[in-house]
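mind folding the following:
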Amino acid sequence: QVQLVESGGGLVQAGGSRRLSCAASGSTFSLRNVAWFRQAPGKERELVAGITRSTFTTYYAPSVNGRFTISRDNVKNMVFLQMNSLKPEDTAVYYCAADSGRNRPNARGPYSDWGQGTQVTVSS
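Purely as a prediction, here's the structure:
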């Protein structure tokens with residue numbers, strides 16, 4: 001299991017940018033596919049973006065494609081989500097996730113380990 005701690009959330013105006021960070025513990029981080037999910041009030045948790053463990057192949061939800069960028073640093077055990085052109089509908093709790101490390105490289109999951117989340121609020 002890997003421990004995940006998100007940071008970087010906050011209040012931002014529509015059209016603005018925000019960068020989320022996720023720090024992972026453990027020596028197996030580089031073997032895991034990782035991702036960012038989000039959950040808005042009254043809605044199910046959804047996959048926002050994922051990145052594979054070695055080839056760094058990415059996946060983006062259609063709603064964020066072209067605005068968000070996921071990246072990772074396997075030396076520092078970090079995952080990042082750069083969010084640009086933010087919209088009020090991007091308001092949600094954002095979660096960092098990692099898979100078990102035993103799956104094939106697949107940016108869409110499945111994912112089994114989760115952080116506590118960080119709130120992002122986009123004001124209009």
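
pLDDT-wise, which helix or strand of the chain ranks last?
Using mean pLDDT, DSSP states H and E, strand 113-114 stands out as the lowest-scoring helix or strand of the chain, at a mean of 96.

starting at the chain centroid, how far to that strand?
Remark: strand 113-114 is offset 11 Å from the chain centroid, using Cα atoms, centre = their mean, to the nearest Å.

which phi and psi does D90 have?
phi -80, psi -10 (degrees, to the nearest 10).

sorry, back to before: average pLDDT for the helix or strand following the least confident helix or strand of the chain, rounded please.
The first helix or strand that comes after strand 113-114 along the chain, using DSSP states H and E, is strand 118-123. Mean per-residue pLDDT for strand 118-123: 98.

name every strand pairing with strand 118-123 and say which way it goes.
Applying DSSP bridges, strand 118-123 is found paired with strand 10-13 (parallel), strand 92-98 (antiparallel).

excluding covalently adjacent residues, which one is nearest to V48?
By the measure of Cβ to Cβ, 6 or more residues apart in numbering, the closest residue to V48 outside its immediate chain neighbours is W36, 4.6 Å from it. For the C-beta atoms, the positions are set from N, CA and C on the backbone; glycine is no exception.

isn't that neighbour right up against I70?
Yes: with contacts counted by Cβ atoms under 8 Å, W36 reaches I70, the gap being 6.3 Å.

overlap in contacts, these two.
49-50, 79, 81 (Cβ atoms under 8 Å, 6 or more residues apart in numbering).

closest to N74 out of the strands paired with strand 118-123?
Among those, strand 92-98 comes nearest to N74, with 12.2 Å by Cβ to Cβ.

most centrally placed residue in this protein?
In the chain, the C-alpha nearest the mean C-alpha coordinate belongs to W36, at 1.9 Å (Cα atoms, centre = their mean).

and it, how far is that from S124?
23 Å (Cβ to Cβ, to the nearest Å).

same thing with V79?
28 Å.

circling back: in helices, which of the shared contacts of W36 and I70 appear?
When these are checked against helices using DSSP state H, none is located there.
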